[in-house]
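Asker: only geometry, no sequence info:
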């Protein structure tokens, strides 16, 4: 792109916390941002970007929004890619590549991509309906235990059902879906890869993830990972291969399993900043948000090394509380050395909704973990 970076108009589809933190990172370079989403009350609505009210799933809204932008990017996969393809044909830079976005946002085509490229992933089958799953169980072509994932619109634990035996069959969703053999997991990890148009690729070191046992979303992220250096390198190489094969500029978060046999399996990917990468804001030399901007603007990619051990904890809405957001316990949290608190400015809370996150740096992972768990204990998000 011939324009100086400070003159580039960047459009973001989605006004949630990822868009908010992307704008905050870009304002350091005086970048010009515009957001498309349904309400300026969303987290990105008050961070100095031009906010356009509209639906990022609607063709006309996305096309009209993107026509005068230099670059369009996303903070969520479930956007109207037909409009993005047309904008791309008309000369607008669109990152991630909308053809690849079509592969990723459908978990069925995503799994087929892994299979067709000989990339390791759990054994899977694709079904059109609940009835087809029952027929497969009856004919023994599908066996317990398995995980069912909705092909479309799954996010933050939604659209996922774990079916261990006959007692769980009422949880089976009646939607086009993918079933995967339930993996005997040793560790869940994430690697965030970055790439620019010149083909430069850099990966952040692997981080370990711990999931909330009820909400089925990431609760803690840990650096350094406890997996071996050899496995960390293998995971980084896989992430680099995928972002290159998909021709994606910006970020690609690759969630993986290390199973009990020591094998790495790809779980899911996301072509955008990712929850597992929030830890990089304080812990890494280059945050994932600045790195995404470097990638989509075809700038040199930043240094992905970490300063120190770190732990991130997601701050979730309290169980049993739905309504206007209130916070308590901030004073206690701010007394913790090495802690950084990020609140997303969501006007309303509900149980297990992501309302913010905190990152703790310390000399060891163990010390950072203790302090992160103290933050989880002290900070309450309620009504």
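Answerer: Yep, it's here. Small disclaimer: the values here were computed from a predicted structure and weren't measured.
Asker: just the strands in the stretch 101-250 of the chain please.
Answerer: Secondary structure of the stretch 101-250 of the chain (DSSP state E, counting those that start in this stretch): strands located at 124-127, 146-150, 160-163, 177-181, 185-195, 201-203, 207-211, 218-223, 250-259.
Asker: what's the third one in contact with?
Answerer: It stands for strand 160-163. Counting contacts by C-beta atoms under 8 Å, 6 or more residues apart in numbering, the residues outside strand 160-163 that touch it are 144-150, 154, 168-169, 171-173, 182, 216. (C-beta placed from N, C-alpha, C; glycine too.)
Asker: and the residue nearest the centre of this protein?
Answerer: Geometric centre of the chain, nearest residue: residue 274, 3.0 Å, by C-alpha atoms, centre = their mean.
Asker: who's in contact with that residue?
Answerer: Listed by C-beta under 8 Å, 6+ apart, the contact partners of residue 274 are 190, 192, 251, 253, 288.
Asker: how about the strands of the stretch 101-250 of the chain, which one is nearest residue 381?
Answerer: Each of the strands of the stretch 101-250 of the chain was scored for nearness to residue 381 using C-beta to C-beta, and the closest is strand 218-223 (13.8 Å).
Asker: what strand or helix carries residue 281?
Answerer: With the criterion set as DSSP states H and E, the secondary-structure element containing residue 281 is helix 280-283.
Asker: and that helix, what's buried?
Answerer: 280, 281, 282, 283 (16 or more other C-beta atoms under 10 Å).
Asker: ok, the least confident helix or strand in the chain by mean pLDDT: who's next to it in the sheet?
Answerer: Considering only helices and strands, the least confidently modelled element of the chain by mean pLDDT, DSSP states H and E is strand 160-163, at a mean of 93. According to DSSP bridges, the neighbouring strands of strand 160-163, each with its direction, are strand 146-150 (antiparallel).
Asker: what is the rounded mean pLDDT of the partner strand?
Answerer: Average pLDDT, strand 146-150: 96.
Asker: now for residue 236: which residues touch it?
Answerer: When contacts are counted by C-beta under 8 Å, 6+ apart, residue 236 is found next to 191, 193, 203, 205, 206.
Asker: rerun at 6 Å
Answerer: For residue 236, the set of contacting residues under the criterion of C-beta atoms under 6 Å, 6 or more residues apart in numbering consists of 191, 203.
Asker: any idea how far it is from residue 206?
Answerer: 7 Å (C-beta to C-beta, to the nearest Å).
Asker: joint contacts of the two?
Answerer: Where contact means C-beta under 6 Å, 6+ apart, the residues bridging residue 236 and residue 206 through contact with each are residue 191.
Asker: which helix in the protein runs the most residues?
Answerer: Secondary structure assigned by DSSP state H gives helix 229-245 as the longest helix of the chain.
Asker: still on that earlier bit, wait, which of the contacts of residue 274 is closest to residue 68?
Answerer: Set against residue 68, the nearest of those by C-beta to C-beta is residue 251 (24.7 Å).
Asker: ok, back up a step: same list (the strands of the stretch 101-250 of the chain) but as a markdown table, adding distance to residue 83 and mean neighbour count.
Answerer: Formatted as a markdown table, the strands of the stretch 101-250 of the chain follow (distance: least, C-beta to C-beta, whole Å; neighbours: other C-beta atoms under 10 Å):
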| stretch | distance to residue 83 | mean neighbour count |
| --- | --- | --- |
| strand 124-127 | 27 | 18 |
| strand 146-150 | 23 | 21 |
| strand 160-163 | 28 | 17 |
| strand 177-181 | 26 | 21 |
| strand 185-195 | 24 | 23 |
| strand 201-203 | 28 | 20 |
| strand 207-211 | 33 | 19 |
| strand 218-223 | 30 | 23 |
| strand 250-259 | 19 | 24 |
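Asker: residue 41 is nearest to which of the ones you listed?
Answerer: strand 218-223 (25.3 Å).
Asker: for the residue of the chain positioned farthest from its centre, report the pLDDT, please.
Answerer: Seen from the C-alpha centroid of the chain, the residue lying at the greatest distance (C-alpha atoms, centre = their mean) is residue 139, 36.5 Å away. At residue 139 the predicted local confidence, pLDDT, stands at 97.
Asker: what distance do you get for it to residue 125?
Answerer: Counting by C-beta to C-beta, the separation of residue 139 from residue 125 is 12 Å.
Asker: kindly report the same for residue 354.
Answerer: Distance of residue 354 to residue 125, given as C-beta to C-beta: 31 Å.
Asker: just the helices in the protein please.
Answerer: When assigned using DSSP H, the helices of the chain occupy the ranges 17-26, 59-66, 81-89, 98-105, 107-116, 130-138, 229-245, 280-283, 288-296, 330-334, 365-378.
Asker: with distance to residue 211 as added columns, please give those helices in CSV.
Answerer: Formatted as CSV, the helices of the chain follow (distance: least, C-beta to C-beta, whole Å):
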stretch, distance to residue 211
helix 17-26, 19
helix 59-66, 32
helix 81-89, 29
helix 98-105, 21
helix 107-116, 18
helix 130-138, 24
helix 229-245, 18
helix 280-283, 20
helix 288-296, 20
helix 330-334, 22
helix 365-378, 14
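Asker: right, I'll call it a day here.
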